Every structure is written in structure tokens, then in C-alpha cells.
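Q: I'd like to go over a predicted model; first the sequence, then the structure.
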Amino acid sequence: MNKIYKLVTILSLFILSNNCIYSQWNMSVNLNGGQVNHLLNTGQYIFAAASANGIYRSDDNGATWIQKNSGLENFLLVQTMSAWNNYVYAGTSGGGFFYSTNFGDLWIQSNQGLGQLNIKALMSDSTGVYAGLIFAGIYRSTNSGLNWSRFALGEGDLLYSFSFRSVNFYIGLEGGIYRSTNSGVNWAGFISGLTNLSVRSVIQSDDKAYCGTSGGGVYYSDFGGSQWHPMNSGLPDPEVRNLYLFGTNLFAAIEGKGVYFYNQTAESWTGINQGLTDTNISAMAVKDNYIYAGSSAGKIWKRPLSEIITGINQNVSVVNEFRLYQNYPNPFNPVTGISFYIPERNFVTLKIIDITGSEVSEIHSGVLPEGKHIKFWNGENHSSGIYYYTLQSGSFSQTRKLVLIK
């Protein structure tokens, strides 16, 4: 009997210790290369841009990291990255813009038409590549960076961040925000409601824009809205370094305080810093159900995303209804996340359907507990096009559209 009791005790301790390991942040790597300025998920790989040692790439979800600096040797202070189709882009301090057609194995410099070589932010989509220059506004290239022309703002504005989604553009500056609601044709200052005009980060969801400020915390504005609204309940400090949005899930990196997650049901921020001993976080990204956080000390941390989202939402009162959220990113290549909420423990199926109505993938089929969940679909083996995802549970059924672009 004593032997059985001891065995059960040992197994219980083993399970508890493993739960502790996987219910907290774990360091993926110490790059020893200055601040991690950017983390980028391209679907197949995750990239890290560092202040001193250039670019690193992981092919195995953060288990190992390899430097990818061929062509970058003289410009290793990489501040930002972006990707579209088979192109990966890098913005540097002093070297301007670089692109790679082989996922970082070789970088090619391309600055024709750029007004400055200090690139703070990059974004890209089917309309082109956009580069935010620290003191020279935003430039756009419609041929993958071979030629550039001015897109927005002029000389002299200290730029930290910009965001676009559909026809909505936001630019975060030292001095406020500029907004365009017609794809950049017209711009206007948009600062009503802000109590701090040092805007370090701007991002957008399907129906809202968010900005993080240096001293005023986090704000949101509805699309088409006339002002910003504070959303700082639960934040330990108003110094926001970075915001990151994955689907409907909003994360904030707070100066010296680590990472906070916004619980939309409770309308409050919650710290998710268990195991995170390096709390000056400068970059965040999500890949394959893990959230990654890069720090000012050059370390990259990793934690299961589903544990954070479901764990927090199960600790508060929730709306008693099913919800199926828009996938993110969308369009995507090749991995996207699908979030949904179920009000009680139930059998759930989540399927991908093509435009003919044929099922192409069953993402989940089984019982899930009450709460918010996220599942991922990898479209690597499927052709580009429009697909639909359907959530079914009991009498509930809802379908949404997603777009795979390769």
C-alpha cells in the first residue's frame, strides 16, 4: 500500500511540475545581440530582428535559431520586418530596405526612391510594401521594393508605428496620430480623446483601432469613430512599448512590467508573466499556438497561447452564447488562427469547406470545456482561394469566410 501511495505521489508531482513548465514562459533563446526589435511569423518560419546581430530564423518553432545575414553584413541593426507571398522584407537603421526571395538565405538591398535609410516600420499586402521612415514619412513600393515613392506625410515627423487594414490607415507619431479612411488619398490628424501624444504602437482589428502611448496607456477607437477612448483598467503602468493583436486577442508590452492580456469580457488587463524574468519586452508574435516575446536584453521567450486565452477567460463571468470570430490573419499564408467561444462543455466540430461545399479539413471534432478556444489551420497543401470555416455544437452552427493567398 505504501509503495502504491508513493508511486501516486511521485506521478502527481511529475504531472504538477509539467503543468508548471507548460503554464508559464520559457526562454527559447538568448541571442546576445541587443534588443529584439521585431518578431515575424511567415507561416513556415519565425524570424527575429535584433539591434546588433541582424536577423535570426527558426525552422522548428523556436527550438533552434540560425543567423541569416548574408547580404546584410554592414547593416546589422534591423528594426522591422514584413512578408508577403515568398518575399521577406527587412528595414534597417542606416542601410534602408532589404528583401529576400529565399526566406533570408540571401538579402538584397533596394533603396531607389527612398527619402531616408532609417526604416522604423514595414507592412505589406497585395497593394505593395509600405516603409515607415523615422523622419521622412511613409513610402510605398508596388514592385516588391525595387522602386519607392512617397505615400504619406513629409519630412520631420518622428514616426514610431503605422497600420493599415482595408481602406483604413493610422500613423503613430511623437505628437499624435494621422488617419486616412480612403486608402491614403486624404489624411487628417486624429487625436481627440488622447491625453498623451507619444504614440508608440498602432494596430487594427476588424472593427477597431488600438494605440499604445508612452505615458497615457492604451486607447481604442471604433472604425468611423470621432475620438479615442482609454482602456487602462488593470494596467500597472501607462508606459506602453508595443501592442500585438492576434484575432480578437490583444496583448500589451508594458515598460519593465512584462506582457498583459486584455480580457474583453471583464474589460480589464491581466498580467501573464509567470516565468518571465525578463520584463522589458520589445516585440511579440504568434506562431502555431505559441506566443513569442522578444526582450531588450536579446532574449526570446515562448508560451502556449491557448493556455493564456482559455485560462483567463475561464476565471471571469462570460457571455452565455456561442461566438465564432473572424480568423486572423486573413488573408493568410499558410497558417491562420480561428477563435471561438462556447458557453458550456459540449461536443464541437470545426471544419474547412471549399467554394463547392466540399469539406477539405476537419480541424477539431470532440468535446471541449466552456470558454474561449483557438484552433489553427495550415493551408500549405491547399491552393489559393476562398474557403469557409464552420463551427457546429448542438443546435448552434455558424460559418465565416477566409482567404488563402500564396
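A: That came in fine, so what should we check first?

Q: just the helices in this protein please.
A: Ranges of helices within the chain are 2-22, 305-313, based on DSSP state H.

Q: touching, residue 55 and residue 45? I think so.
A: No: if you go by CB atoms under 8 Å, residue 55 and residue 45 don't touch, sitting 10.8 Å apart. Bear in mind the C-beta positions are built from the backbone N, C-alpha and C, glycine included.

Q: what sits in contact with each of those two?
A: residue 104 (CB atoms under 8 Å, 6 or more residues apart in numbering).

Q: higher neighbour count, those two?
A: A side-by-side neighbour count of residue 55 and residue 45, using other CB atoms under 10 Å, places residue 55 first with 27 against 18.

Q: which stretches of the stretch 251-400 of the chain have low pLDDT?
A: 310-320 (pLDDT under 70).

Q: weakest of the helices of the chain in terms of mean pLDDT?
A: Ranked by mean pLDDT, the helices of the chain bottom out at helix 2-22, which scores a mean of 37.

Q: how close does residue 215 get to residue 93?
A: To residue 93, residue 215 is 24 Å away according to CB to CB, to the nearest Å.

Q: the more surrounded of these two?
A: residue 93 (18 against 14).

Q: which pLDDT value goes with that one?
A: In this prediction residue 93 is given a pLDDT of 96.

Q: could you find the closest non-adjacent residue to residue 392?
A: Leaving out its chain neighbours, the residue that sits closest to residue 392 by CB to CB, 6 or more residues apart in numbering is residue 349, at 4.8 Å.

Q: for the nearest residue to residue 70 once chain neighbours are set aside, which residues are in contact?
A: Leaving aside its chain neighbours, residue 70 sits nearest to residue 106 (5.0 Å; criterion: CB to CB, 6+ apart). The contact partners of residue 106, taken as CB under 8 Å, 6+ apart, are 70, 71, 100.

Q: out of these, grab the one that's most surrounded.
A: residue 100 (22 neighbours).

Q: run through the bridge partners of that one.
A: residue 88 (DSSP bridges).

Q: is it true that residue 204 touches residue 168?
A: Yes: counting by CB under 8 Å, residue 204 does reach residue 168; the two are 6.4 Å apart.

Q: tell me how far the residue nearest to residue 392 lies from residue 305.
A: In terms of CB to CB, residue 349 sits 22 Å off from residue 305.

Q: between the two, which is the more surrounded one?
A: More crowded of residue 349 and residue 305, by other CB under 10 Å: residue 305, with 22 against 14.

Q: show me the domain layout of this protein.
A: 28-313, 323-404 (automatic domain parsing).

Q: got a list of what residue 195 touches?
A: With CB under 8 Å, 6+ apart, residue 195 has these contacts: 216, 230.

Q: kindly apply the preceding question to residue 230 instead.
A: 193, 195, 216, 217, 218, 219.

Q: in strands, which of the residues you listed fall?
A: If you go by DSSP state E, the contacts of residue 230 have 217, 218, 219 in strands.

Q: burial count for the spatially closest residue to the last one that is not a sequence neighbour?
A: Nearest non-adjacent residue to residue 219, counting by CB to CB, 6+ apart: residue 228, 4.0 Å away. If you count neighbours by other CB under 10 Å, residue 228 ends up with 23.
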